[in-house]
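Engineer: the following comprises the amino acid sequence and a computationally predicted model.
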Amino acid sequence: MNGRQIEIFHAVMKSGTVTEAANRLGITQPAVTASLKQIEATIGFNLFHRTGGRLHPTAEAKLLYGEAERIQDSLTVFRSLAERLKTDLTSHLRIAAPPALSHELIPEAITRFLGRPHSCMIDVTTQHHAQILNGLTASAGQNYLGFTFGMEETPGVGSLTVGKVQLVAVVPTGSPLLEQEKLSLEALTAHPLVGTFSGEPLGNAVERLMDEAGVTPRYLVRVHNHNVAANLAAKGVGAAIIDSVTAAYAAACFGAGNFAIRPIEAAPELPVTAVYSYEHPLNSHAKQFLSVFRTCLETVPAY
């Protein structure tokens, strides 16, 4: 199927009738019908059952429709960007950040950034650490600004520390751990925990902390997403060691009555790092956004 055929198929699925699809696309009804027949002949199976003058999508058509939706979304972004590039070759800012920063800090920074006098289209992707770094070197000529926790030396990737966050414990209400205002690792590991995977900066930091203290955690669940860890703690599954950004967000979203946040003895602060490709240095929009993001990060409460 070529791009035009996918567009016609998507329009028919979206509208439900050949007539409405033709009107949506600005072509004739026979042209849509002929295109559908050609598509079915090309792919080798039926996309619709035709009864009573109406089209009913097959199971195969419903599966293809999900992919067609994603393709149409990408085309919309492509067309919008092409329009902007007519007047400004630096008007596109692609941002990638882990879930912990994407839930609250990135939206807050975008809101403040868009309040400034400039014209810039922003794409935001939520990814994990390794994906963000891989995407920097694969972004063919497009401006790309990533955020992550900590940063090891990576060929071709530049980094800037924009602030730091704490490692804190999110403890379910009713846990005996709440009898202490500041938790030791020995106390934490005496109880079941919700953990984050090593390989991610937070998971690595917690693992190093545990190793240095000579304690062994007992994890009931391990997750990639800090927000999921906080949610599980709020549901009473077990305490979780997460970053203070996610902890503050969880307190606002999951109800502070379901858990409490406690600082951890000897826990290091975790750097928040902006990353970019040396091949595509940060443009003026990226630098402005970086400044706004740094200001937002400074508002995260300390525990």
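Structural biologist: That came through, no problem. Since the model is a prediction, treat every value here as computed from it, not as a measurement.

Engineer: tell me which residues in the helix or strand in which Ala286 is found are buried?
Structural biologist: Element membership of Ala286, judged by DSSP states H and E, is helix 284-297. Judged by neighbour count using 16 or more other C-beta atoms under 10 Å, the buried positions of helix 284-297 are 285-286, 288-290, 292-294, 296-297. (Each C-beta comes from the backbone N, C-alpha and C, glycine too.)

Engineer: swap in stretch 124-133?
Structural biologist: Here stretch 124-133 shows 126-129, 132-133 as buried, counting by 16+ other C-beta under 10 Å.

Engineer: just send those back as TSV, with secondary structure, distance to Tyr249 and pLDDT too.
Structural biologist: Shown next, in TSV, are these (DSSP: H, G, I helix; E, B strand; the rest coil; distance: C-beta to C-beta, whole Å; pLDDT from 0 to 100):
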residue	secondary structure	distance to Tyr249	pLDDT
Thr126	strand	14	91
Gln127	coil	18	90
His128	coil	17	88
His129	helix	19	88
Ile132	helix	19	89
Leu133	helix	24	87
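
Engineer: and those, which is closest to Asp211?
Structural biologist: His129 (19.8 Å; C-beta to C-beta).

Engineer: touching, the closest one and Pro201? I think so.
Structural biologist: Yes. Between His129 and Pro201 there is a contact under C-beta atoms under 8 Å: 5.7 Å.

Engineer: between these two, which contacts overlap?
Structural biologist: Common neighbours of His129 and Pro201 (criterion: C-beta atoms under 8 Å, 6 or more residues apart in numbering): 148-149.

Engineer: hey, where'd the strands end up in the stretch 51-200 of the chain?
Structural biologist: Using DSSP state E, counting those that start in this stretch, the strands of the stretch 51-200 of the chain run over residues 54-57, 92-97, 121-126, 144-149, 157-165, 167-172, 193-196.

Engineer: how about the helix or strand following the last one: buried residues?
Structural biologist: Per DSSP H and E, the first helix or strand lying C-terminal to strand 193-196 is helix 201-213. For helix 201-213, burial by neighbour count (16+ other C-beta under 10 Å) applies to 201-207, 209-210.

Engineer: who's in contact with helix 201-213?
Structural biologist: 100, 129, 148-150, 167, 185-186, 189, 195-198, 216-217, 226, 241-243, 264, 266-268, 270.

Engineer: drop anything exposed from the residues you listed.
Structural biologist: Here, 16+ other C-beta under 10 Å leaves 100, 129, 148-150, 167, 185, 189, 195-196, 217, 226, 241-243, 264, 267, 270 buried among these.

Engineer: and Gly174, how many neighbours?
Structural biologist: Neighbour count for Gly174, taken as other C-beta atoms under 10 Å: 10.

Engineer: contacting residues for it?
Structural biologist: Shown in contact with Gly174 (C-beta under 8 Å, 6+ apart): Gly236.

Engineer: let me know the pLDDT of it.
Structural biologist: pLDDT recorded at Gly174 is 89.

Engineer: so what's the closest residue to Gly195 other than its chain neighbours bridging to?
Structural biologist: Nearest non-adjacent residue to Gly195, counting by C-beta to C-beta, 6 or more residues apart in numbering: Tyr219, 4.0 Å away. Beta-bridge partners of Tyr219, counted by DSSP bridges, are Leu193.

Engineer: could you number the chain from 581 rather than 1 from now on?
Structural biologist: Okay, residue one is now 581; in that scheme the one you just asked about reads as Tyr799.

Engineer: for Tyr799, what are its contacts?
Structural biologist: By C-beta under 8 Å, 6+ apart, the neighbours of Tyr799 are 772-775.
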